[in-house]
Every structure is written in C-alpha cells, then in structure tokens.
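K.L.:
When you get a sec, could you give me coordinates for this:
(chains A, B, C and D)
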There are 2 protein chains.
Amino acid sequence: MKNLLKNKKIRVTPFRIEVLEVFKSFDNAIDLSQLEQKLGDFDRITLYRTLKTFQEKGLIHEIVMTGEIKKYALCESDCGKEDHHHHHNHLHFYCKGCQEIFCIDLKEYPQIKLPNFQIDSIELQADGLCNNCK
Amino acid sequence: MKNLLKNKKIRVTPFRIEVLEVFKSFDNAIDLSQLEQKLGDFDRITLYRTLKTFQEKGLIHEIVMTGEIKKYALCESDCGKEDHHHHHNHLHFYCKGCQEIFCIDLKEYPQIKLPNFQIDSIELQADGLCNNCK
DNA sequence: AAAACAAATGCAACACTGTTGCATTAAATT
DNA sequence: AATTTAATGCAACAGTGTTGCATTTGTTTT
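P.N.:
Numbers count the residues shown, from 1 in each chain, chains lettered A, B, ... in the order given. Purely as a prediction, here's the structure:
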C-alpha cells in the first residue's frame, strides 16, 4: 500500500493509506458517498484534496457519465505518465441495472481520424446491462 | 423558433424562446455562465428547469467532459425519439486551446461488442486541438 | 537524532449548482 | 370566456468544489 503511494510520488500518510484501502476493497468504480461511508472519521476537505492529489499523480481517475454520475477508480499500473491526460485504453461501462461502472480494457481501440482536428486522446463510454443484471 | 418548441412538445413561453435563441446564436456547445450572460434578466431556478425540460424533450443534450467541464448543445433534428437516451451518432470534441466543445457527426461509428455486457448506447469523447488552435 | 524544510491536515468560510415546495401567473383546451 | 394544466418566481436547503490559514506531520539535511 505504502509502496503504491511512493511509486506515484505521493507522500505517505495514514489517511491516504486508508483511502487507498477503500479503493482496493471495491471491484469497480466508487462514488463519493461510498467512499465516505467506508471511511471512519474524516475531514471532507482533506478527502477532497486527497482525491485531487491521487488524480494528479495518476493513482486514480475520475469517471463522469452524463446524468450527474461521477465516480472514481484506481488506474492501471501503467497509467499516468507525467501528464494527467494519460490515455487509458479502456472503456467505461455504466450498468443501468446495478449502477456500477466497469472499467473494461479493449484490445482493439477504435482509431478515429477527423480532418479538421488534432486528436490527442479519445474516451469511450457505454451503458446498458452487465452480466448480472441482464 | 416557436415551431421548434412545438415540434418537441414543449410549451411555448417567452423565456423558453429567449433561451432557445441564445442556443441558436452559438455555433458550439455552451456552458451555464455563457447562457446566463446572454440572458438579460432571468430566474436561476426557471433556467434550471428550462434546461431540464429541453433535455427531457430532446431539444438539447448535456455534454460532460472529465475535469468538471459541462456544456449544453442543441440536438440534431432527428434526435430524441421518445426516450432520453437517444443515441447521437456523433462525437464530442473538446479543444484544449479555445475550450470549445464541437459536436461532430461520424459516418462510421465504431461498433464495439463486449462478451459480458449488453451495450445500449456508446458515447465518444475526444480532446486535442481544433483547426483554429493548432 | 535533531533541526530545518516542505507538505498535509483540520477548520472556517464561501461559491456554485442542483433540487424541492408552494403560491402565483400564464398558456393551452374546451 | 371559462377551465384545466403547466410554467414561473421566490424561499430554502443540500452537495460538492474551493481557498486561506494556522497547526501538525512527514521528509530531508546537517
């Protein structure tokens, strides 16, 4: 746990370890309230800054689906190289049944070219039903 | 203008026409503050409900990019058939230069199949630089 | 190991956006 | 024109994001 933080050049503190442990205890992306419920006693602002730091250092990423749905998920280990706009080659799938968001790695990521735009990164979002809910 | 509202089964009121005119006066997606600046005198809650209604009736759609960027754009005319999850076959492009969001129609929309998921709709987001900014 | 430095925490405070209830007003229908 | 139905304007509140600042803690240097 500590090494995970150190590898990302994030200062190790008890609270940050705690937050990281919550992330580890979930399979899929989690939202603020899930995180807050799992944390025993915490300061809202510190949590806010912790999440911000984790994002900036490429430990987690934010997933925003249309319709006010916002969650956070751990990044893959090869993720977050210097810049914050690391391109996950995965798709975010929102299940309308269980409301879970799944990060799915794609082998063949669609290559899109637009004549009038220089594309730096592409994100894919999908929704529907997961195996459990269909 | 009035017909546009009527076609979408949205009751015609002066304020709604005004909001629609603001949308028409922009080429690309706009955010709340741009909208508010253009509206002379308005009630915040009424605007909120107006936008909600416009979305529900398929007149506009909301675009949320990662990083707290949220904008609204007019839908294409063939858009919004009964359900709110109409699938625009277009991509949302965020220009890191001018911060504009462009709705771009794609001829060939990537077809993605996932073994364990039933995909109802897919959204594509990209960022980079537009023609003007590169 | 102690001192010095840099960064994280905890708190107050505030801004923005979303959201509901309710009385009033306006639009659509008869 | 009367009736019905929906929109508006206002108060009020919730959630999240955000900054400043004093204090505490982690890290580095001597």
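
K.L.:
Neighbouring strands of the longest strand seen in chain A in the sheet, and parallel or not?
P.N.:
The longest strand of chain A (DSSP state E) is strand A:117-130. According to DSSP bridges, strand A:117-130 forms sheet pairs with strand A:90-95 (parallel), strand B:117-130 (antiparallel).

K.L.:
quick one, helices of chain A?
P.N.:
Ranges of helices in chain A, per DSSP state H, are A:2-7, A:14-24, A:32-38, A:44-56.

K.L.:
mind listing what's buried in stretch A:8-17?
P.N.:
A:8, A:10, A:16 (16 or more other CB atoms under 10 Å in any protein chain shown). For the C-beta atoms, the positions are set from N, CA and C on the backbone; glycine is no exception.

K.L.:
out of those, who's near DNA strand C?
P.N.:
Restricting those to those within reach of DNA strand C (CB under 7 Å from any atom of the strand) leaves A:10, A:16.

K.L.:
Go through the buried residues of stretch A:8-17 and say which is closest to residue B:117.
P.N.:
Residue B:117 lies nearest to residue A:8 out of the buried residues of stretch A:8-17, by CB to CB, at 30.0 Å.

K.L.:
And for chain A, the residue most distant from the center?
P.N.:
What lies farthest from the middle of chain A is residue A:115; by CA atoms, centre = their mean that is 30.9 Å.

K.L.:
Quick check: the gap between the residue minimising distance to the centre of chain A and chain B.
P.N.:
For chain A, residue A:73 is the residue whose C-alpha lies nearest the centre (CA atoms, centre = their mean; 2.6 Å). From residue A:73 across to chain B, the span is 12 Å (CB to the nearest CB, to the nearest Å).

K.L.:
now swap in residue A:53 and tell me
P.N.:
From residue A:53 to chain B the distance is 15 Å (CB to the nearest CB).
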